[in-house]
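**Student:** from the sequence below, what's the structure:
(4 chains)
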Protein chains: 2
Amino acid sequence: MGRQFEFNRDETLTKAMEVFWQKGYKATSMKDLIEEMGIQPGSIYNTFGDKHSLFIESIKHYGQVVTSNALKILNAPGSPSENIKKFFYEMVNRPAGKKSMGCLIVNTVVELAPHDKEAAEVVNGVLKSIENAFFKCLKKAQDLGEVSSDANISALASYFSSSTHGLLVTCKSEAPKKQMQDIVEVILSTLPKVESRSSR
Amino acid sequence: MGRQFEFNRDETLTKAMEVFWQKGYKATSMKDLIEEMGIQPGSIYNTFGDKHSLFIESIKHYGQVVTSNALKILNAPGSPSENIKKFFYEMVNRPAGKKSMGCLIVNTVVELAPHDKEAAEVVNGVLKSIENAFFKCLKKAQDLGEVSSDANISALASYFSSSTHGLLVTCKSEAPKKQMQDIVEVILSTLPKVESRSSR
DNA sequence: ACAATTATTGAATGCTTATTCAAAAATAAA
DNA sequence: TTTATTTTTGAATAAGCATTCAATAATTGT
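**Tutor:** Below you'll find the model as predicted:
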(Lines give C-alpha, C1' and ligand atoms only; values in the text may rest on other atoms or scores of the structure.)
Protein backbone atom coordinates (compact mmCIF):
# COMPACT_ATOMS: atom_id res chain seq x y z
CA MET A 1 0.00 0.00 0.00
CA GLY A 2 1.33 3.42 -0.96
CA ARG A 3 3.52 4.54 -3.80
CA GLN A 4 6.20 2.10 -4.93
CA PHE A 5 9.93 2.81 -5.32
CA GLU A 6 11.08 3.99 -8.73
CA PHE A 7 14.70 2.97 -8.22
CA ASN A 8 16.44 -0.26 -7.31
CA ARG A 9 18.06 -0.12 -3.88
CA ASP A 10 21.05 -2.31 -4.76
CA GLU A 11 21.75 -0.47 -7.99
CA THR A 12 21.83 2.94 -6.35
CA LEU A 13 23.93 1.59 -3.48
CA THR A 14 26.42 0.27 -6.03
CA LYS A 15 26.51 3.70 -7.69
CA ALA A 16 27.19 5.35 -4.33
CA MET A 17 29.93 2.82 -3.62
CA GLU A 18 31.61 3.64 -6.93
CA VAL A 19 31.62 7.37 -6.19
CA PHE A 20 33.13 6.83 -2.72
CA TRP A 21 35.65 4.45 -4.25
CA GLN A 22 36.72 6.95 -6.84
CA LYS A 23 36.71 10.16 -4.81
CA GLY A 24 36.98 9.13 -1.16
CA TYR A 25 34.54 9.91 1.64
CA LYS A 26 35.27 13.57 2.37
CA ALA A 27 35.70 14.53 -1.27
CA THR A 28 32.31 13.05 -2.18
CA SER A 29 29.50 15.58 -1.78
CA MET A 30 25.79 14.85 -1.53
CA LYS A 31 25.54 16.66 -4.87
CA ASP A 32 27.90 14.06 -6.38
CA LEU A 33 25.82 11.26 -4.91
CA ILE A 34 22.52 12.76 -6.10
CA GLU A 35 23.91 13.03 -9.64
CA GLU A 36 25.48 9.57 -9.78
CA MET A 37 22.74 7.70 -7.97
CA GLY A 38 20.12 9.48 -10.06
CA ILE A 39 17.73 10.13 -7.17
CA GLN A 40 16.87 13.18 -5.07
CA PRO A 41 18.15 13.95 -1.55
CA GLY A 42 14.86 12.95 0.07
CA SER A 43 15.02 9.50 -1.50
CA ILE A 44 18.61 9.01 -0.36
CA TYR A 45 17.87 10.04 3.23
CA ASN A 46 14.66 8.04 3.27
CA THR A 47 16.41 4.89 2.04
CA PHE A 48 19.94 5.00 3.42
CA GLY A 49 19.92 7.57 6.21
CA ASP A 50 22.64 10.20 6.17
CA LYS A 51 25.87 10.36 4.17
CA HIS A 52 27.87 8.46 6.77
CA SER A 53 25.36 5.60 6.97
CA LEU A 54 25.37 5.37 3.19
CA PHE A 55 29.16 5.20 3.26
CA ILE A 56 29.19 2.45 5.88
CA GLU A 57 26.73 0.46 3.80
CA SER A 58 28.88 1.09 0.71
CA ILE A 59 32.06 -0.28 2.31
CA LYS A 60 30.15 -3.27 3.70
CA HIS A 61 28.92 -4.04 0.21
CA TYR A 62 32.35 -3.56 -1.30
CA GLY A 63 33.80 -5.75 1.42
CA GLN A 64 31.41 -8.58 0.64
CA VAL A 65 32.23 -8.48 -3.07
CA VAL A 66 35.96 -8.38 -2.54
CA THR A 67 35.95 -11.03 0.19
CA SER A 68 33.89 -13.50 -1.80
CA ASN A 69 36.14 -12.91 -4.78
CA ALA A 70 39.27 -13.59 -2.72
CA LEU A 71 37.73 -16.72 -1.20
CA LYS A 72 36.75 -17.98 -4.63
CA ILE A 73 40.36 -17.77 -5.81
CA LEU A 74 42.08 -18.99 -2.64
CA ASN A 75 39.66 -21.85 -1.98
CA ALA A 76 39.59 -23.09 -5.56
CA PRO A 77 40.26 -26.83 -5.97
CA GLY A 78 43.80 -27.83 -6.85
CA SER A 79 47.12 -26.52 -5.58
CA PRO A 80 46.69 -23.90 -2.81
CA SER A 81 50.04 -22.25 -3.54
CA GLU A 82 49.02 -21.97 -7.19
CA ASN A 83 45.85 -20.27 -5.97
CA ILE A 84 47.89 -17.71 -4.03
CA LYS A 85 49.86 -17.01 -7.19
CA LYS A 86 46.64 -16.55 -9.13
CA PHE A 87 45.43 -14.13 -6.46
CA PHE A 88 48.44 -11.87 -6.97
CA TYR A 89 48.59 -12.15 -10.74
CA GLU A 90 44.93 -11.17 -10.85
CA MET A 91 45.86 -7.97 -9.00
CA VAL A 92 48.45 -7.03 -11.61
CA ASN A 93 46.05 -7.69 -14.46
CA ARG A 94 43.29 -5.38 -13.24
CA PRO A 95 41.70 -3.10 -15.86
CA ALA A 96 43.88 0.01 -16.22
CA GLY A 97 41.00 2.36 -15.40
CA LYS A 98 40.51 0.92 -11.95
CA LYS A 99 44.18 1.10 -11.04
CA SER A 100 44.10 4.66 -9.81
CA MET A 101 41.07 3.79 -7.68
CA GLY A 102 42.98 1.20 -5.67
CA CYS A 103 40.75 -0.64 -3.22
CA LEU A 104 37.93 1.01 -1.27
CA ILE A 105 38.89 -0.92 1.87
CA VAL A 106 42.52 0.14 1.79
CA ASN A 107 41.50 3.69 0.86
CA THR A 108 39.21 3.75 3.89
CA VAL A 109 41.90 2.38 6.22
CA VAL A 110 44.09 5.30 5.19
CA GLU A 111 41.51 8.08 4.98
CA LEU A 112 39.05 7.28 7.76
CA ALA A 113 39.90 4.34 10.02
CA PRO A 114 41.96 6.31 12.56
CA HIS A 115 39.13 8.79 13.20
CA ASP A 116 36.01 6.78 12.41
CA LYS A 117 35.43 3.84 14.73
CA GLU A 118 32.47 2.46 12.80
CA ALA A 119 34.32 2.48 9.48
CA ALA A 120 37.39 1.00 11.19
CA GLU A 121 35.37 -1.95 12.46
CA VAL A 122 34.04 -2.73 9.01
CA VAL A 123 37.36 -2.54 7.19
CA ASN A 124 39.26 -4.41 9.90
CA GLY A 125 36.69 -7.17 9.64
CA VAL A 126 37.20 -7.42 5.90
CA LEU A 127 40.98 -7.46 6.25
CA LYS A 128 40.76 -10.15 8.91
CA SER A 129 38.57 -12.32 6.65
CA ILE A 130 41.01 -12.12 3.80
CA GLU A 131 44.02 -12.75 6.01
CA ASN A 132 42.18 -15.74 7.42
CA ALA A 133 41.57 -17.02 3.89
CA PHE A 134 45.31 -16.78 3.24
CA PHE A 135 45.94 -18.69 6.46
CA LYS A 136 43.58 -21.52 5.59
CA CYS A 137 45.04 -21.71 2.12
CA LEU A 138 48.57 -21.93 3.55
CA LYS A 139 47.45 -24.57 6.04
CA LYS A 140 46.18 -26.67 3.20
CA ALA A 141 49.42 -26.09 1.32
CA GLN A 142 51.32 -27.25 4.37
CA ASP A 143 49.17 -30.35 4.74
CA LEU A 144 49.82 -31.17 1.09
CA GLY A 145 53.55 -30.68 1.51
CA GLU A 146 53.70 -27.65 -0.80
CA VAL A 147 54.94 -25.53 2.09
CA SER A 148 57.48 -26.63 4.65
CA SER A 149 55.88 -27.92 7.86
CA ASP A 150 57.95 -25.62 10.07
CA ALA A 151 57.07 -22.48 8.13
CA ASN A 152 55.32 -19.76 10.15
CA ILE A 153 52.13 -19.71 8.12
CA SER A 154 50.45 -17.23 10.47
CA ALA A 155 53.26 -14.78 9.70
CA LEU A 156 53.00 -15.60 6.00
CA ALA A 157 49.27 -14.88 6.01
CA SER A 158 49.86 -11.45 7.59
CA TYR A 159 52.64 -10.87 5.09
CA PHE A 160 50.48 -11.65 2.07
CA SER A 161 47.79 -9.36 3.41
CA SER A 162 50.28 -6.55 3.95
CA SER A 163 51.82 -7.17 0.53
CA THR A 164 48.38 -6.76 -1.00
CA HIS A 165 48.02 -3.37 0.68
CA GLY A 166 51.42 -2.40 -0.65
CA LEU A 167 50.49 -3.33 -4.22
CA LEU A 168 47.24 -1.39 -3.97
CA VAL A 169 49.11 1.73 -2.90
CA THR A 170 51.85 1.24 -5.47
CA CYS A 171 49.34 0.90 -8.29
CA LYS A 172 47.83 4.28 -7.31
CA SER A 173 51.18 5.99 -7.91
CA GLU A 174 51.45 5.55 -11.67
CA ALA A 175 53.64 2.43 -11.36
CA PRO A 176 53.93 0.69 -14.76
CA LYS A 177 52.62 -2.86 -15.13
CA LYS A 178 56.10 -4.29 -15.55
CA GLN A 179 57.07 -2.96 -12.14
CA MET A 180 53.95 -4.44 -10.56
CA GLN A 181 54.84 -7.81 -12.10
CA ASP A 182 58.38 -7.58 -10.72
CA ILE A 183 57.03 -6.91 -7.23
CA VAL A 184 54.62 -9.84 -7.43
CA GLU A 185 57.45 -12.14 -8.49
CA VAL A 186 59.40 -11.24 -5.34
CA ILE A 187 56.33 -11.50 -3.11
CA LEU A 188 55.70 -15.00 -4.42
CA SER A 189 59.35 -16.01 -4.06
CA THR A 190 58.62 -16.46 -0.35
CA LEU A 191 56.53 -19.46 -1.41
CA PRO A 192 58.24 -22.64 -2.57
CA LYS A 193 57.54 -23.17 -6.28
CA VAL A 194 55.17 -26.05 -7.10
CA GLU A 195 56.53 -26.52 -10.59
CA SER A 196 59.84 -25.00 -11.66
CA ARG A 197 58.72 -22.79 -14.54
CA SER A 198 60.62 -20.00 -16.34
CA SER A 199 61.81 -17.08 -14.20
CA ARG A 200 65.19 -16.37 -12.60
CA MET B 1 61.45 48.66 6.86
CA GLY B 2 57.93 47.65 7.83
CA ARG B 3 56.62 45.44 10.61
CA GLN B 4 58.51 42.21 11.25
CA PHE B 5 57.02 38.72 11.42
CA GLU B 6 55.88 37.50 14.82
CA PHE B 7 56.02 33.80 13.92
CA ASN B 8 58.65 31.48 12.53
CA ARG B 9 57.87 30.31 9.03
CA ASP B 10 59.36 26.82 9.41
CA GLU B 11 57.70 26.22 12.77
CA THR B 12 54.22 27.07 11.49
CA LEU B 13 54.82 25.03 8.34
CA THR B 14 55.72 22.05 10.52
CA LYS B 15 52.53 22.56 12.53
CA ALA B 16 50.48 22.61 9.32
CA MET B 17 52.24 19.48 8.12
CA GLU B 18 51.34 17.68 11.33
CA VAL B 19 47.66 18.56 11.00
CA PHE B 20 47.54 17.37 7.39
CA TRP B 21 49.38 14.22 8.43
CA GLN B 22 46.93 13.45 11.18
CA LYS B 23 43.65 14.40 9.50
CA GLY B 24 44.27 14.29 5.76
CA TYR B 25 43.86 17.13 3.28
CA LYS B 26 40.09 17.33 2.88
CA ALA B 27 39.34 16.76 6.56
CA THR B 28 41.65 19.59 7.58
CA SER B 29 39.84 22.94 7.68
CA MET B 30 41.38 26.39 7.69
CA LYS B 31 39.98 26.69 11.20
CA ASP B 32 42.06 23.65 12.23
CA LEU B 33 45.13 25.19 10.64
CA ILE B 34 44.54 28.60 12.26
CA GLU B 35 44.27 26.95 15.68
CA GLU B 36 47.26 24.64 15.31
CA MET B 37 49.56 27.07 13.54
CA GLY B 38 48.61 29.78 16.02
CA ILE B 39 48.30 32.54 13.43
CA GLN B 40 45.37 34.28 11.73
CA PRO B 41 44.02 33.59 8.23
CA GLY B 42 45.59 36.72 6.78
CA SER B 43 49.05 35.65 7.95
CA ILE B 44 48.60 32.18 6.47
CA TYR B 45 47.44 33.49 3.09
CA ASN B 46 50.13 36.15 3.10
CA THR B 47 52.88 33.63 3.85
CA PHE B 48 51.85 30.38 2.19
CA GLY B 49 49.13 31.26 -0.30
CA ASP B 50 45.93 29.21 -0.21
CA LYS B 51 45.21 25.91 1.53
CA HIS B 52 46.36 23.83 -1.41
CA SER B 53 49.71 25.64 -1.70
CA LEU B 54 50.24 25.18 2.02
CA PHE B 55 49.54 21.48 1.62
CA ILE B 56 51.96 21.10 -1.28
CA GLU B 57 54.64 22.81 0.77
CA SER B 58 53.79 20.56 3.72
CA ILE B 59 54.24 17.35 1.73
CA LYS B 60 57.47 18.67 0.19
CA HIS B 61 58.80 19.34 3.66
CA TYR B 62 57.65 15.95 4.94
CA GLY B 63 59.20 14.33 1.88
CA GLN B 64 62.57 15.94 2.55
CA VAL B 65 62.60 14.78 6.16
CA VAL B 66 61.57 11.24 5.34
CA THR B 67 63.92 10.93 2.36
CA SER B 68 66.98 12.18 4.24
CA ASN B 69 66.12 9.81 7.08
CA ALA B 70 65.88 6.85 4.70
CA LEU B 71 69.14 7.79 2.99
CA LYS B 72 70.88 8.09 6.34
CA ILE B 73 69.92 4.52 7.22
CA LEU B 74 70.44 2.93 3.82
CA ASN B 75 73.73 4.68 3.06
CA ALA B 76 75.24 4.10 6.48
CA PRO B 77 78.72 2.57 6.44
CA GLY B 78 78.94 -1.19 6.92
CA SER B 79 76.81 -3.97 5.53
CA PRO B 80 74.15 -2.68 3.08
CA SER B 81 71.82 -5.62 3.70
CA GLU B 82 72.09 -4.96 7.43
CA ASN B 83 71.08 -1.37 6.66
CA ILE B 84 67.97 -2.58 4.83
CA LYS B 85 67.11 -4.66 7.87
CA LYS B 86 67.55 -1.64 10.12
CA PHE B 87 65.27 0.34 7.83
CA PHE B 88 62.43 -2.11 8.32
CA TYR B 89 62.97 -2.73 12.03
CA GLU B 90 62.90 1.04 12.53
CA MET B 91 59.43 1.04 10.95
CA VAL B 92 58.13 -1.52 13.43
CA ASN B 93 59.56 0.36 16.39
CA ARG B 94 57.88 3.68 15.65
CA PRO B 95 56.26 5.44 18.61
CA ALA B 96 52.77 4.01 19.13
CA GLY B 97 51.08 7.39 18.81
CA LYS B 98 52.29 7.93 15.27
CA LYS B 99 51.20 4.50 14.09
CA SER B 100 47.65 5.50 13.24
CA MET B 101 49.04 8.46 11.29
CA GLY B 102 50.92 6.24 8.88
CA CYS B 103 53.02 8.25 6.44
CA LEU B 104 51.92 11.55 4.91
CA ILE B 105 53.32 10.55 1.53
CA VAL B 106 51.44 7.23 1.41
CA ASN B 107 48.32 8.92 2.79
CA THR B 108 48.55 11.47 -0.02
CA VAL B 109 49.05 8.81 -2.69
CA VAL B 110 45.79 7.24 -1.55
CA GLU B 111 43.72 10.33 -0.83
CA LEU B 112 44.84 12.83 -3.45
CA ALA B 113 47.31 11.58 -6.07
CA PRO B 114 44.69 10.28 -8.54
CA HIS B 115 42.89 13.65 -8.69
CA ASP B 116 45.64 16.14 -7.87
CA LYS B 117 48.41 16.30 -10.43
CA GLU B 118 50.61 18.65 -8.42
CA ALA B 119 50.45 16.51 -5.27
CA ALA B 120 51.02 13.39 -7.39
CA GLU B 121 54.24 14.82 -8.79
CA VAL B 122 55.60 15.57 -5.34
CA VAL B 123 54.80 12.20 -3.80
CA ASN B 124 55.93 10.23 -6.84
CA GLY B 125 59.22 12.07 -6.66
CA VAL B 126 59.67 11.13 -3.01
CA LEU B 127 58.80 7.50 -3.69
CA LYS B 128 61.22 7.40 -6.59
CA SER B 129 64.03 8.79 -4.41
CA ILE B 130 63.51 6.15 -1.76
CA GLU B 131 63.23 3.32 -4.27
CA ASN B 132 66.44 4.58 -5.82
CA ALA B 133 68.12 4.53 -2.40
CA PHE B 134 67.07 0.89 -2.05
CA PHE B 135 68.51 0.18 -5.49
CA LYS B 136 71.87 1.75 -4.74
CA CYS B 137 72.00 -0.08 -1.43
CA LEU B 138 71.26 -3.38 -3.16
CA LYS B 139 73.86 -2.65 -5.82
CA LYS B 140 76.44 -2.17 -3.11
CA ALA B 141 75.29 -5.39 -1.45
CA GLN B 142 75.70 -7.17 -4.75
CA ASP B 143 79.18 -5.76 -5.26
CA LEU B 144 80.13 -6.95 -1.79
CA GLY B 145 78.73 -10.40 -2.48
CA GLU B 146 75.97 -10.11 0.12
CA VAL B 147 73.39 -10.53 -2.62
CA SER B 148 73.63 -12.99 -5.48
CA SER B 149 74.97 -11.39 -8.66
CA ASP B 150 72.09 -12.68 -10.78
CA ALA B 151 69.42 -11.29 -8.44
CA ASN B 152 67.05 -8.77 -10.04
CA ILE B 153 67.91 -5.87 -7.76
CA SER B 154 65.71 -3.45 -9.69
CA ALA B 155 62.74 -5.70 -8.91
CA LEU B 156 63.89 -6.02 -5.30
CA ALA B 157 64.07 -2.24 -4.92
CA SER B 158 60.48 -1.87 -6.19
CA TYR B 159 59.47 -4.69 -3.88
CA PHE B 160 60.99 -3.10 -0.78
CA SER B 161 59.29 0.16 -1.65
CA SER B 162 55.93 -1.55 -2.09
CA SER B 163 56.46 -3.56 1.10
CA THR B 164 57.00 -0.30 2.95
CA HIS B 165 53.66 0.98 1.68
CA GLY B 166 52.03 -2.23 2.82
CA LEU B 167 53.44 -1.90 6.33
CA LEU B 168 52.31 1.71 6.56
CA VAL B 169 48.76 0.71 5.67
CA THR B 170 48.81 -2.33 7.94
CA CYS B 171 49.95 -0.26 10.92
CA LYS B 172 46.95 2.05 10.41
CA SER B 173 44.57 -0.86 10.90
CA GLU B 174 45.22 -1.63 14.55
CA ALA B 175 47.71 -4.40 13.76
CA PRO B 176 49.62 -5.44 16.91
CA LYS B 177 53.39 -5.00 17.02
CA LYS B 178 54.00 -8.74 16.98
CA GLN B 179 52.19 -9.01 13.65
CA MET B 180 54.23 -6.16 12.20
CA GLN B 181 57.42 -7.95 13.30
CA ASP B 182 56.24 -11.17 11.66
CA ILE B 183 55.64 -9.36 8.39
CA VAL B 184 59.04 -7.69 8.48
CA GLU B 185 60.69 -11.07 9.06
CA VAL B 186 59.11 -12.41 5.87
CA ILE B 187 59.90 -9.27 3.88
CA LEU B 188 63.55 -9.59 4.87
CA SER B 189 63.66 -13.30 4.10
CA THR B 190 63.97 -12.32 0.43
CA LEU B 191 67.44 -11.08 1.34
CA PRO B 192 70.24 -13.56 2.04
CA LYS B 193 71.28 -13.33 5.70
CA VAL B 194 74.67 -11.77 6.38
CA GLU B 195 75.13 -13.50 9.69
CA SER B 196 73.05 -16.54 10.62
CA ARG B 197 71.32 -15.30 13.77
CA SER B 198 68.26 -16.81 15.46
CA SER B 199 65.04 -17.07 13.44
CA ARG B 200 64.47 -18.67 10.08
C1' DA C 1 -14.49 7.21 -6.38
C1' DC C 2 -12.46 8.03 -2.17
C1' DA C 3 -9.38 7.69 1.68
C1' DA C 4 -5.12 6.27 3.43
C1' DT C 5 -0.45 5.46 2.72
C1' DT C 6 3.98 5.99 0.92
C1' DA C 7 7.62 7.76 -2.44
C1' DT C 8 9.36 11.75 -4.99
C1' DT C 9 10.61 16.35 -5.61
C1' DG C 10 13.53 20.33 -5.14
C1' DA C 11 13.53 24.58 -2.83
C1' DA C 12 14.75 26.12 1.73
C1' DT C 13 17.54 25.46 5.87
C1' DG C 14 21.35 26.61 8.72
C1' DC C 15 25.91 25.49 9.24
C1' DT C 16 30.78 25.23 7.57
C1' DT C 17 33.97 26.22 4.28
C1' DA C 18 37.92 28.89 2.09
C1' DT C 19 39.14 33.38 1.23
C1' DT C 20 39.30 38.57 1.40
C1' DC C 21 39.90 43.06 3.15
C1' DA C 22 39.84 47.31 5.69
C1' DA C 23 41.49 48.84 9.92
C1' DA C 24 45.01 48.67 13.44
C1' DA C 25 49.66 47.82 15.05
C1' DA C 26 54.52 47.61 14.57
C1' DT C 27 58.72 48.82 12.55
C1' DA C 28 62.38 51.56 9.85
C1' DA C 29 63.85 55.49 7.29
C1' DA C 30 63.71 60.51 6.76
C1' DT D 1 58.09 63.07 14.95
C1' DT D 2 56.43 62.06 10.80
C1' DT D 3 56.01 59.15 6.77
C1' DA D 4 56.22 54.95 4.40
C1' DT D 5 56.07 50.15 4.61
C1' DT D 6 54.72 45.81 6.14
C1' DT D 7 52.37 42.48 9.30
C1' DT D 8 48.48 41.31 12.13
C1' DT D 9 43.82 41.04 13.17
C1' DG D 10 39.26 39.19 12.91
C1' DA D 11 34.95 40.37 11.06
C1' DA D 12 32.79 39.99 6.54
C1' DT D 13 31.98 37.42 2.29
C1' DA D 14 30.28 34.26 -0.78
C1' DA D 15 30.14 29.67 -2.09
C1' DG D 16 29.38 24.94 -0.72
C1' DC D 17 27.94 21.68 2.46
C1' DA D 18 24.62 18.07 4.56
C1' DT D 19 20.07 17.85 5.76
C1' DT D 20 14.95 18.83 6.16
C1' DC D 21 10.32 19.41 4.79
C1' DA D 22 6.00 20.76 2.78
C1' DA D 23 3.89 19.95 -1.46
C1' DT D 24 2.97 16.64 -5.04
C1' DA D 25 2.47 12.22 -7.25
C1' DA D 26 1.60 7.41 -7.30
C1' DT D 27 -0.32 3.37 -5.46
C1' DT D 28 -3.46 0.19 -2.60
C1' DG D 29 -7.51 -1.03 0.09
C1' DT D 30 -12.35 0.02 0.86
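
**Student:** could you use CA atoms for every contact and neighbour count after this?
**Tutor:** Will do.

**Student:** contact partners for A:Ala157?
**Tutor:** By CA atoms under 8 Å, 6 or more residues apart in numbering or on different chains, the residues touching A:Ala157 are A:131-132, A:134-135, A:138.

**Student:** which one of the residues you listed is nearest to DNA strand C?
**Tutor:** A:Glu131 (36.2 Å; CA to the nearest atom of the strand).

**Student:** and which of the contacts of A:Ala157 is nearest DNA strand D?
**Tutor:** Of all the contacts of A:Ala157, DNA strand D sits closest to A:Glu131, with 32.6 Å by CA to the nearest atom of the strand.

**Student:** element containing A:Glu174, please.
**Tutor:** When secondary structure is defined by DSSP states H and E, A:Glu174 falls outside every helix and strand.

**Student:** for chain A, which element, helix or strand, carries the lowest mean pLDDT?
**Tutor:** Within chain A, confidence by mean pLDDT, DSSP states H and E is lowest for helix A:96-99 among all helices and strands, at a mean of 82.

**Student:** is any residue of that helix near chain B?
**Tutor:** No. With CA under 8 Å from any CA of the partner chain as the criterion, chain B is not reached by helix A:96-99; the gap is at least 9.5 Å.

**Student:** same for whichever helix or strand comes after that helix, what does it pack against?
**Tutor:** Later in the chain than helix A:96-99, the nearest helix or strand by DSSP H and E is helix A:104-111. Secondary-structure packing of helix A:104-111 (3 or more CA pairs under 8 Å, 6 or more residues apart in numbering or on different chains; DSSP states H and E): helix A:9-23, helix A:51-74, helix A:117-143, helix B:104-111, helix B:153-170.

**Student:** before we move on, back to that, by neighbours, which of the contacts of A:Ala157 wins?
**Tutor:** A:Phe134 (28 neighbours; other CA atoms under 10 Å in any protein chain shown).

**Student:** which one in chain A is furthest away from the centre?
**Tutor:** A:Met1 (40.1 Å; CA atoms, centre = their mean).

**Student:** might you report the residue contacts of A:Thr14?
**Tutor:** Here A:Thr14 is in contact with A:58, A:61 (CA under 8 Å, 6+ apart).

**Student:** ok, it to A:Asn8 distance?
**Tutor:** 10 Å (CA to CA, to the nearest Å).

**Student:** same question for A:Ile56.
**Tutor:** For A:Ile56, the distance to A:Asn8 (CA to CA) stands at 19 Å.

**Student:** which one of these two has more residues nearby?
**Tutor:** Neighbours per residue, other CA under 10 Å: of A:Ile56 and A:Asn8, the larger number sits with A:Ile56, 18 against 8.

**Student:** the more buried one touches A:Ala119, doesn't it?
**Tutor:** Yes. The criterion here is CA atoms under 8 Å, and A:Ile56 meets it with A:Ala119 at 6.3 Å.

**Student:** before we move on, back to that, check the contacts of A:Ala157 against A:Tyr89 and report the nearest one.
**Tutor:** A:Phe134 (15.1 Å; CA to CA).
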